[in-house]
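Student: this is the structure alone, sequence omitted:
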């Protein structure tokens with residue numbers, strides 16, 4: 001089961017989602033999208049929260065309000081982190097997550113520590129959590145099928161671009177050959 005939330009509307013159309021447990025988190029780690037940003041309370045147990053960016057967006061493009069929504073959701077879904085103030089939340093692109101066979105279920109590391117950002121969350125903001133919970137939808141997606149569909153679409157797009165380039169190159173050769181006649 002994956003829980004989906006809508007970030008504040010004034011910031012744009014952003015979806016925030018998280019696994020219901022560590023096993024679902026494992027699936028989210030395995031079948032994420034390059035546009036996903038992963039959030040977690042630093043050095044404590046917490047939910048794995050993801051923000052799906054638009055294609056081409058980066059960490060620097062996350063609106064401040066959407067970032068606040070994500071870190072508040074992570075804090076609220078950490079047993080220990082929810083009870084204390086001034087917790088650090090780390091976030092990084094999904095592509096920076098590193099999973100090895102020796103790691104426990106739901107545990108991750110990072111390929112590049114320089115790509116990990118930290119934000120301090122002073123306290124839980126109930127108004128944010130309540131607003132997000134009003135948008136919560138539970139779904140049981142086929143994460144593998146979603147990932148495979150995206151991969152197939154990307155392959156198809158690359159093939160089409162290659163075909164167009166080959167046709168253009170042939171056209172250029174024919175023009176050059178015709179001009180030399």
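Tutor: Happy to help now that I have it. What you see is a predicted model; the values in this text were computed from it and never measured. Residues are numbered from 1 along each chain as shown.

Student: in the longest helix belonging to the chain, what's buried?
Tutor: Identified as the longest helix of the chain according to DSSP state H is helix 143-179. Buried residues in helix 143-179, defined by neighbour count with 16 or more other CB atoms under 10 Å: residue 143. Where you see a C-beta, it was placed from the backbone N, CA and C, and this is true even at glycine.

Student: likewise for stretch 49-61?
Tutor: With burial defined by 16+ other CB under 10 Å, the residues of stretch 49-61 counted as buried are 49-53, 59.

Student: gap between stretch 148-156 and the chain center?
Tutor: Per CA atoms, centre = their mean, to the nearest Å, the displacement of stretch 148-156 from the mean C-alpha position of its chain is 18 Å.

Student: for this protein, which segments count as helices?
Tutor: Applying DSSP H to the chain gives helices spanning 22-30, 64-76, 126-134, 143-179.

Student: looking at the ones you listed, spot the one closest to residue 1.
Tutor: Closest approach to residue 1 among these is made by helix 22-30 (6.3 Å; CB to CB).

Student: tilt between that closest one and helix 143-179?
Tutor: Angle, helix 22-30 to helix 143-179, by axes from the mean of the first three to the mean of the last three CA atoms, to 10 degrees: 0 degrees.
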